[in-house]
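Asker: with the input below, show me the fold.
(chains A and B)
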Amino acid sequence: MPSPRYWREIPSRYRLEASRCCGCGKVAYPARKVCPACGADDWKQIQLSRHGRVVTSTVIHVPPDDFLMEAPYAVAVVETSEGARLMVQVVDCEPAEVVPGTEVNLEFRLIRREGHGGILCYGYKGVPAG
Amino acid sequence: MSGIVGYGAFVPRNRIKSEEIARQWGKDPETIRRGLLLEEKSVPGIDEDTITISVAAAQAALERAGIDPKRIGAVYIGSESHPYAVKPSGTILVDVLGIGPEVHVADFEFACKAGTEAMFVAFGLVESGRVEYALGIGADTSQGAPNDALEFSASAGGAAFIFGRKNVLAEVVETYSYTSDTPDFWRREGEFYPRHGGRFTGEPAYFKHVLSASRAILDKTGLKPKDFRFAVFHMPNGKFPLSAGKTLGFSKEQLETGWVVPTMGNTYSGSSPTGLAAILDVADPDDLILITSFGSGAGSDSFVLKATEELPRRRPRAPTVRSMLEGRRRYLTYGEYSKYREKIIVNQ
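Answerer: Model prediction:
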């Protein structure tokens, strides 16, 4: 990912900033300008809690080049208590342990390196709670 | 009264046992266990570095401090494994935590004492009234060359301390620094692993600086070892801090709470700060605490701290060091460890 795009996404990638629709209450992550549920354009910025539950998951055995050293690893759709859903790697566990309903904490981790000499890209990953 | 208003620590969940490393190099595990008093050490995951460890520790410190991050006016991270050679670790941390942009940020280096160096400067700015709150962090993903004695100890972890003047958890009673040019351990520009002077790292380096700084702060405060409930010294291995403590007149009971090295390893800049966090996890109001770091090159920072009534009230807001050391862990083979520490050369 080019550095300027990574930089633009810092609010959502670093601080889990999302938006809650003032019309219907839907939480959008990353933040949106128009509500995908009711079409309203009045939003309140919120910060997601760093806790969630796995909605669905899979195990990646044949990863993209940047993730070769991490395979096999789990990727899951995690729903936070605010109702936002985000797709994250789930780490520090056996990938097969990650199943729907697994409670996870979201921890700030290195996501990928931009080649050998490029920037380091950070964001959140799930770690099984407890 | 100025002091610590919030603290937190983080230890990665991967571990490797001393015997697994010893087996790889044909060494006797019992000699390592008895000689260095090291059972196992923490290992950073492929996705963990000084920045992620600092963020996790600082998030815990903020939970305990219960303050608006925007009120933090200075952030210093001490480490000898900053992920970038040019680009600060601290800028990423302040954007993650929502600190700034009105904040002074710097990355510090001074071998293993960069963490207390960050704490020292953060405390100084708060005490002078220049900033309302300041954050000092010590964190490392330590390097140790394969088949070097350091490989049994070099580990990963760190601790963060927010200093302020209101609702203090532990008052800073006194500080002291002792520094001289002593080439006991170094890493030249472009070198991957540090080198050390073997036995020269002991008496003229570690013990000279740790004992001199500790004795001086005791003289400065008029306190005796028996006045303290806890003491922690930099932990390059299990033996050195116990030996330094004994020489100064501290008992094993005073040392063992902060002596986290047998199961954590030496987290370099995070070593004595993580030991201090482990002490704050159990200290009672009015307990006196001595911390003395050591950084090769060489120098020691000493702090005398006094726990307050606020400490037990805000302690439960974040995980303890022992809960991380004894909680969920994953034991690695030497092969997995080599992959995680990027000791294996692969095609790009």
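Asker: burial measure for the nearest residue to B:Tyr193 once chain neighbours are set aside, as a count.
Answerer: Leaving aside its sequence neighbours, B:Tyr193 sits nearest to B:Ala145 (C-beta to C-beta, 6 or more residues apart in numbering or on different chains; 3.8 Å). Every residue, glycine included, has its C-beta placed from N, CA and C. By the criterion of other C-beta atoms under 10 Å in any protein chain shown, B:Ala145 has 16 neighbours.
Asker: contact residues of chain A facing chain B?
Answerer: Applying C-beta under 8 Å from any C-beta of the partner chain, one finds that chain A approaches chain B through A:10, A:14-15, A:47, A:50, A:68-70, A:89, A:91-93, A:107-111, A:115-116, A:119-120, A:122, A:125, A:127-128, A:130.
Asker: in the sheet, who's paired with residue 75?
Answerer: You didn't pick a chain, so chain A it is. With DSSP bridges applied, A:Val75 shows beta-bridge pairing to A:Thr58, A:Gln89.
Asker: my question was about chain B, not that one.
Answerer: Judged by DSSP bridges, the bridge partners of B:Val75 are B:Val105, B:Leu135.
Asker: the helices in the stretch 101-250 of chain B, which residues?
Answerer: Applying DSSP state H, counting those that start in this stretch to the stretch 101-250 of chain B gives helices spanning B:114-128, B:208-221, B:239-248.
Asker: if you could redo that for chain A, that was the one I meant.
Answerer: For chain A, the helices defined by DSSP state H occupy A:3-8, A:10-15.
Asker: make JSON lines out of those helices and add mean pLDDT, distance to B:Ala278 and mean neighbour count.
Answerer: Shown next, in JSON lines, are these (pLDDT from 0 to 100; distance: least, C-beta to C-beta, whole Å; neighbours: other C-beta atoms under 10 Å in any protein chain shown):
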{"stretch": "helix A:3-8", "mean pLDDT": "90", "distance to B:Ala278": "36", "mean neighbour count": "11"}
{"stretch": "helix A:10-15", "mean pLDDT": "96", "distance to B:Ala278": "29", "mean neighbour count": "18"}
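Asker: how far away is the most centrally placed residue in chain B from B:Leu305?
Answerer: Of all residues in chain B, the one closest to the mean position by C-alpha atoms, centre = their mean is B:Gly270, 2.1 Å from it. Using C-beta to C-beta, to the nearest Å, we find B:Gly270 at a distance of 18 Å from B:Leu305.
Asker: returning to that earlier point: just the buried ones from the residues of chain A next to chain B?
Answerer: A:14-15, A:50, A:70, A:89, A:91-93, A:107-111, A:119-120, A:122, A:125, A:127-128 (16 or more other C-beta atoms under 10 Å in any protein chain shown).
Asker: which strands and helices sit next to the worst-scoring helix or strand of chain A on mean pLDDT?
Answerer: Scoring the helices and strands of chain A by mean pLDDT, DSSP states H and E places helix A:3-8 at the bottom, with a mean of 90. Judged by 3 or more C-beta pairs under 8 Å, 6 or more residues apart in numbering or on different chains; DSSP states H and E, helix A:3-8 has no packing partners among the helices and strands.
Asker: against chain A, how distant is B:Ile53?
Answerer: 10 Å (C-beta to the nearest C-beta, to the nearest Å).
Asker: now do the contacts for that residue.
Answerer: B:Ile53 makes contact with B:10, B:12, B:44, B:139-141, B:156-158, B:270 under the criterion C-beta atoms under 8 Å, 6 or more residues apart in numbering or on different chains.
Asker: is it in a helix, a strand, or coil?
Answerer: Counting by DSSP: H, G, I helix; E, B strand; the rest coil, the backbone at B:Ile53 sits in helix.
Asker: report pLDDT for it.
Answerer: B:Ile53 is assigned 98 on the pLDDT scale.
Asker: now swap in B:Gln348 and tell me
Answerer: 66.
Asker: now do A:Met1
Answerer: 59.
Asker: for the closest residue to B:Gly138 other than its chain neighbours, grab the count of nearby residues.
Answerer: Once flanking residues are discounted, B:Gly138 sits nearest to B:Gly115: 1.5 Å by C-beta to C-beta, 6+ apart. Neighbour count of B:Gly115, defined by other C-beta under 10 Å: 37.
Asker: also B:Lys87?
Answerer: 12.
Asker: and if you look at B:Asn347?
Answerer: B:Asn347 has 4 nearby residues by other C-beta under 10 Å.
Asker: ok, it to chain A distance?
Answerer: For B:Asn347, the distance to chain A (C-beta to the nearest C-beta) stands at 10 Å.
Asker: ok, that residue - contacts?
Answerer: So B:Asn347 contacts nothing (C-beta under 8 Å, 6+ apart).
Asker: any idea whether it is helix, strand or coil?
Answerer: Per three-state DSSP, the local secondary structure of B:Asn347 is coil.
Asker: now do the SS call for B:Asp301.
Answerer: At B:Asp301 the chain is in strand, as set by three-state DSSP.
Asker: that one touches B:Ala213, doesn't it?
Answerer: Yes. Here B:Asp301 reaches B:Ala213: they are 6.9 Å apart, a contact under C-beta atoms under 8 Å.
Asker: overlap in contacts, those two.
Answerer: B:176-177, B:292.
Asker: so which of these wins on neighbours?
Answerer: Ranked by the number of neighbours (other C-beta under 10 Å), those place B:Thr292 first, at 31 neighbours.
Asker: A:Phe108 pairs with what?
Answerer: Here A:Phe108, judged by DSSP bridges, has bridge partners A:Tyr124.
Asker: distance of it relative to B:Gly66?
Answerer: As defined by C-beta to C-beta, A:Phe108 lies at a distance of 20 Å from B:Gly66.
Asker: same deal with B:Arg329?
Answerer: Applying C-beta to C-beta to B:Arg329 and B:Gly66 gives a distance of 30 Å.
Asker: who has more neighbours, the two?
Answerer: Between B:Arg329 and B:Gly66, counted using other C-beta under 10 Å, the more crowded position is B:Arg329 (17 against 11).
Asker: what residues are up against that one?
Answerer: Contacts of B:Arg329 by C-beta under 8 Å, 6+ apart are B:13-15.
Asker: what's the pLDDT at it?
Answerer: We have a pLDDT of 94 for B:Arg329.
Asker: and if you look at B:Met1?
Answerer: 87.
Asker: so it, which state does it fall into?
Answerer: Per three-state DSSP, the secondary structure class of B:Met1 is coil.
Asker: that one contacts B:Arg165, doesn't it?
Answerer: Yes. B:Met1 is within contact range of B:Arg165, at 6.7 Å (criterion: C-beta under 8 Å).
Asker: low-confidence ranges in chain A?
Answerer: A:1-2 (pLDDT under 70).
Asker: would you mind splitting it into its domains for me?
Answerer: Here the domain assignment for chain A is A:16-47, A:49-130, based on automatic domain parsing.
Asker: report the distance from the longest one to the chain centre.
Answerer: Which is domain A:49-130. When C-alpha coordinates are averaged (C-alpha atoms, centre = their mean, to the nearest Å), domain A:49-130 and its chain have centres 7 Å apart.
Asker: cool, and stretch B:195-215?
Answerer: With C-alpha atoms, centre = their mean, you get 17 Å for stretch B:195-215.
Asker: B:Ser180 contacts B:His209, correct?
Answerer: Yes. Judged on C-beta under 8 Å, B:Ser180 makes contact with B:His209 at a distance of 7.3 Å.
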